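> how does the following fold in three dimensions:
(chains A and B)
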Protein chains: 2
Amino acid sequence: DVVPTTRALISVSDKTGIVDFCKFLASKNVHLLSTGGTAKKLREAGLEVMDVSEYTQSPECLDGRVKTLHPKIHGGLLGVRGNKDHEAQMEENGIGKIDMTILNLYPFEQTVKGGGDFNQCIENIDIGGPSMLRSTAKNHAATTIVTSPDQYEEVQKCIEENGGTTLALRKKFAARAFSLSAAYDSAIANWFTNQLGEEKPVTTRVYKPEFPLKYGCNPHQKPAGISSVLNSKLPFDVLNGVPGYINLLDAANAWQLVKELREATGLAAATSFKHVSPAGAAVAVPLSDVECVAYEVTPEAAKELTPVALAYLRARNADPMCSFGDFAAVSDVVDEATALILKKEVSDGIIAPGYTPEALTILKSKKGGKFIVLEATKDYDPGQIEYRDVYGMTFAQKRNDIIITKDHMTEIATSKKEAVTDSVVRDMIVASICIKYTQSNSVGFAKDGMMVGVGAGQQSRVDCVKLAGRKVKTWYLRQHEKVLGLKFKAGVKRQDRVNARVRYIEGDFTPEERIRWEAQFEEVPEPLTTSEKEEFMKQADGITISSDAFFPFRDSIDHASKYGVSYIVQPGGSVQDKQVTAAAEEYGMAMCMTGVRLFHH
Amino acid sequence: DVVPTTRALISVSDKTGIVDFCKFLASKNVHLLSTGGTAKKLREAGLEVMDVSEYTQSPECLDGRVKTLHPKIHGGLLGVRGNKDHEAQMEENGIGKIDMTILNLYPFEQTVKGGGDFNQCIENIDIGGPSMLRSTAKNHAATTIVTSPDQYEEVQKCIEENGGTTLALRKKFAARAFSLSAAYDSAIANWFTNQLGEEKPVTTRVYKPEFPLKYGCNPHQKPAGISSVLNSKLPFDVLNGVPGYINLLDAANAWQLVKELREATGLAAATSFKHVSPAGAAVAVPLSDVECVAYEVTPEAAKELTPVALAYLRARNADPMCSFGDFAAVSDVVDEATALILKKEVSDGIIAPGYTPEALTILKSKKGGKFIVLEATKDYDPGQIEYRDVYGMTFAQKRNDIIITKDHMTEIATSKKEAVTDSVVRDMIVASICIKYTQSNSVGFAKDGMMVGVGAGQQSRVDCVKLAGRKVKTWYLRQHEKVLGLKFKAGVKRQDRVNARVRYIEGDFTPEERIRWEAQFEEVPEPLTTSEKEEFMKQADGITISSDAFFPFRDSIDHASKYGVSYIVQPGGSVQDKQVTAAAEEYGMAMCMTGVRLFHH
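Numbers count the residues shown, from 1 in each chain, chains lettered A, B, ... in the order given. Here you go, the predicted model:
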């Protein structure tokens, strides 16, 4: 299946490496046919080249538009080798075999980006190139189609080793050529239809596989992989580790969250993701002394906290039980202080705009070298329309590219307008940007620049409030003096202390569970009673709740009132807005109507 | 910008309407050029047609492979009208203007589906057609490219009205031609690369827009729409209403759930979806007397229940507070009994394999005619690989096409193996198929063929168990005699009764809330005390829990034990499997290890 090359047709816009490659071909006695600029360049390099018009003996006309659209070219490419009739007819009509075509298509997107007007773009549509490419690829049983400089070396090696191209190589290059042709016409079709402003008859998306994944959402979902839209970048580089499907879903959402939080508040931001929702998120607001104790930060360590370290420490401590094995994202360059915090925690990976060398060294050594480190691409443009296949149909929608800022926090529907201070607005933004990246239905509670309770993925709004409210209650009670005073035995691990505190607060042990729980303490703790908890929760105050959609009934407000909620953010738009607003008034809350729904799926 | 047509080139594989269209063109004195079968057909209809080979005066050779790849054809298509040099050169070289090309490309997928081998498929790749198509489309300032019989009428009308084709029409058709060419080469490229079994250099997906959506996930996400993969069907037909983005996400997931449940259990199945997770799901298992009272089904009504009605009634009553405004799916043809249940409930839509005429009439009149009715496509093939764009990158994975059956319920890790009866296996299947379509992390509790608690979208496994457990508790307590005996005032609405019962069970009213709650009753109910609830929950028994991933610690088992769990289904694979199994043993539970993870995002 080896075919020697006797005549090659060359027409390239990207002239990288073409001279050397043609010198090689000439050294193997290949007859070179070429057009215009390519021919000139090859001649300047001392190579003997025949012009296509000389070869076809067809007059130069129509500014070269039909130079290669000629039976002597396409017959030479398409004639079936070994077919006696074809060979006789080729002989008779002076059609010589052409065994190889070397060409590339100047990317149409580049033409458009070059800023040409409609007519210039149309003028740049290549007609002869795709025709030669397709003829050569179709007849790959005998002919070789080379479409990119990065293939020259492989062809050269193949000819050196075999005295010609192998069928395997010709097939592979032919398949690639059809991909290229499809991508080229896709770009034209999409541009052209956009020019018309009409609904596209079809939409063609061309994806470039970037790297395979071990599997998709589950181990039995193979194959799986990550692609980029052709001629676009990925939103990150992998600096360490091998990310999986869910890691990357986390990373993509977590990164957008901290980026937007940074932009909206001007503060370093962080989030701790688990299963495509935040377990916590925060901006860099200093810790109170009680918080230091509750989060196990020594006074010395507290002094070392940089803004980005502080933001992650808060994000991780919103719900440290859930954050076990998280995927982290931070808005700023990761420094040593942040890396040292992560080093202590069980975590799967991080995405950030950059890393100091010290921080990168620390992170790369985590998890036996398997900790995933992603660097977000600067000035990244994720495109406008997102496609998603579900059960054979494809959903297309504009990205949720709305940026939540303080300008969304101005419509206060309740009488307590002056209560909405700058720090309240900050918490409103924190809670709202977080739920923008939380699976719906969702609500989030924020305080001191920190999400303190996320209610994700629920089937009713009031369930979101109950769920997040219980998390807020646990977060609060972690600062109760009886919790702060728990005396763990030496050797009880950090995450076990975290979990044991939560169970102490919840208190609903089974007998079997209680035995194991008590074994972790130097002295068995006195229970935290219901009335102690209720008493402590009375000081809960100044919390903000944000909801991804309107509150359909006042029940959510009734529930929120039990968890120290003073401020509410919601889009509004329910038929019961009036009753909901009345409920907020009753409890003395300030409620902001943003007009922006934030469902996320 | 009107261009009269003087010469048209015709080469069509789909000959629908071509004779009439050419008769029209001939009547306008258009000179017809054609090839092979098309020419023959036109001549038989009495039309005067010139063969392309006669026109080019180029000898027939190479089995017609290069017939149209000729300067007289492409020069005639590409020559710039009004350019004096071009016109002079065309004159000189005997190149006549060709103003219109009528052709179509035989879909490559059809060639493949036709069952040809590799060489036959390659042989069927059209070379001349795409070249003519692209030349004509490029030069659309002067030429008209017609690529489908459904365009003939529009061309005819345009010529009748204007004496030629308008620029607007030529542009529109040119854009469509490039889409077609892109789709054609995409199909070749994808097939070709699959033949090689190598990683694709690029993957091209061609989508056909089916219908626009008002907006995407949120009102500010415009445009949005539903497409099908070219040459595939949608998984449903819309019989009534205008579905939105989230409705369709619900429908796609809910339908798969009931379809698989039907296949695995042989029983009619139903689910009630909210926000892309089930609020409830069930198969047709008869109701107990107490359930009839709890679900407000009169004994007479109970007798009328068909299997599909029974399944939906159960699914809706797992968590009727959450199911408010649901999207329903049922596995069987919707009958009048089912439609009458839906009629009473607040619901957005339904998907089913079919509807009786009576049922359809009832459903179409719901919600002022806006109730969404979808009919699932029979024998639907959703394809193998799903693509999903998130923040500019594209995730590709094999669909989660695993079918959960009783064969997955055989590996019992605990000693109580004989406890796993047929009805337990049924509940194991119900719970597992449900969580396959629930946002992760998730667990589900099932009893009597019915999901009685779904814990969706949580950031830790034990949170899923706590969340679902509370729902199970509420579901159980709805059957407590004090709840069954609540005396509502006349006029209190169905959904308000549902909500009031839940709040009675929860009991944690704010003072403001209590006043409004009490106002709904004939007589103010005595509280349901904590000890009454605990006493009642002691009879909870025989419940199955299924988890979408392994239990990392025994804490989930400890919590599950409080809600009457006797059976556990999980994939297994944790480093703590031994401790988790020991916990199940302690509580006397039977635990099945499926080896199948079911994350869903």
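
> element containing residue A:255, please.
Element membership for residue A:255, per DSSP states H and E: helix A:245-265.

> that helix: which residues count as buried?
Of all the residues in helix A:245-265, those buried under the rule 16 or more other CB atoms under 10 Å in any protein chain shown are A:245-262, A:264-265. Quick note: C-beta positions are derived from backbone N, CA and C, even for glycine.

> then stretch A:566-584?
A:566-572, A:574, A:577, A:580-581, A:583-584.

> tell me the mean pLDDT over that stretch?
Averaging pLDDT along stretch A:566-584 yields 96.

> of all the buried residues of stretch A:566-584, which two lie farthest apart?
Farthest-apart pair in those is A:566 and A:574; separation 21.1 Å (CB to CB).

> ok, residue A:478 touching residue A:501?
Yes: between residue A:478 and residue A:501 there is a contact under CB atoms under 8 Å: 5.9 Å.

> hang on, the earlier thing: got the buried residues of stretch A:566-584 as a markdown table, with secondary structure and distance to residue B:396 columns?
Output for the buried residues of stretch A:566-584, formatted as a markdown table (DSSP: H, G, I helix; E, B strand; the rest coil; distance: CB to CB, whole Å):
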| residue | secondary structure | distance to residue B:396 |
| --- | --- | --- |
| A:566 | strand | 46 |
| A:567 | strand | 42 |
| A:568 | strand | 41 |
| A:569 | strand | 37 |
| A:570 | strand | 37 |
| A:571 | coil | 34 |
| A:572 | coil | 39 |
| A:574 | coil | 39 |
| A:577 | helix | 43 |
| A:580 | helix | 43 |
| A:581 | helix | 46 |
| A:583 | helix | 47 |
| A:584 | helix | 46 |
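
> so which of those comes closest to residue A:125?
Closest approach between the buried residues of stretch A:566-584 and residue A:125, by CB to CB: residue A:571, at 46.1 Å.

> that older thread, just the buried residues of helix A:245-265 that are near chain B?
Counting by CB under 8 Å from any CB of the partner chain, A:245, A:246, A:248, A:249, A:252, A:253, A:255, A:256 from the buried residues of helix A:245-265 sit close to chain B.

> return the nearest residue of the stretch 101-250 of chain A with respect to chain B.
residue A:216 (2.7 Å; CB to the nearest CB).

> please tell me how far that residue sits from residue B:61.
51 Å (CB to CB, to the nearest Å).

> contacts only, for residue A:165.
A:2, A:3, A:5, A:100, A:144, A:155, A:158, A:159 (CB atoms under 8 Å, 6 or more residues apart in numbering or on different chains).

> with residue A:221 instead?
Residues counted as contacts of residue A:221 (CB under 8 Å, 6+ apart) are A:215, B:397, B:398, B:399, B:400.

> name the SS class of it, please.
On the three-state scheme (DSSP: H, G, I helix; E, B strand; the rest coil), residue A:221 is labelled coil.

> list phi and psi for it.
With angles defined as degrees, to the nearest 10, residue A:221 sits at phi -100, psi 80.

> returning to that earlier point: with distance to residue A:36, secondary structure and pLDDT added, can I get the contacts of residue A:221 in a markdown table?
Converted to a markdown table, those look like this (distance: CB to CB, whole Å; DSSP: H, G, I helix; E, B strand; the rest coil; pLDDT from 0 to 100):
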| residue | distance to residue A:36 | secondary structure | pLDDT |
| --- | --- | --- | --- |
| A:215 | 49 | coil | 97 |
| B:397 | 46 | strand | 96 |
| B:398 | 47 | strand | 96 |
| B:399 | 49 | coil | 96 |
| B:400 | 53 | coil | 97 |
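
> need the residues you listed in a markdown table (columns: neighbour count and distance to residue A:388).
Formatted as a markdown table, those follow (neighbours: other CB atoms under 10 Å in any protein chain shown; distance: CB to CB, whole Å):
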| residue | neighbour count | distance to residue A:388 |
| --- | --- | --- |
| A:215 | 17 | 19 |
| B:397 | 22 | 12 |
| B:398 | 19 | 16 |
| B:399 | 18 | 13 |
| B:400 | 19 | 15 |
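
> before we move on, back to that, so what's the residue of the stretch 101-250 of chain A closest to chain B closest to, chain neighbours aside?
Excluding the flanking residues, the one nearest residue A:216 by CB to CB, 6 or more residues apart in numbering or on different chains is residue B:397, at 2.7 Å.

> of all the buried residues of stretch A:566-584, which comes closest to chain B?
Nearest to chain B, judged by CB to the nearest CB, of the buried residues of stretch A:566-584 is residue A:583 at 7.5 Å.

> count the residues that sit near residue A:380.
By other CB atoms under 10 Å in any protein chain shown, the residues close to residue A:380 number 17.

> so who does it touch?
Here residue A:380 is in contact with A:233, A:235, B:392 (criterion: CB under 8 Å, 6+ apart).

> how about the closest residue to the first one other than its chain neighbours, phi and psi?
Which is residue A:233. Nearest in space to residue A:233, with sequence neighbours left out and distances taken as CB to CB, 6+ apart, is residue A:377 at 5.6 Å. For residue A:377, the backbone dihedrals are phi -70, psi 130 (criterion: degrees, to the nearest 10).

> same check on residue A:386?
Main-chain torsions, residue A:386, degrees, to the nearest 10: phi -110, psi 140.

> up against chain B, what does the stretch 451-600 of chain A have?
Taking CB under 8 Å from any CB as the contact definition, the stretch 451-600 of chain A meets chain B at A:454, A:456-460, A:462-463, A:467, A:499, A:503, A:508-510, A:512-513, A:555, A:558, A:561-562, A:583, A:586-587, A:596-600.
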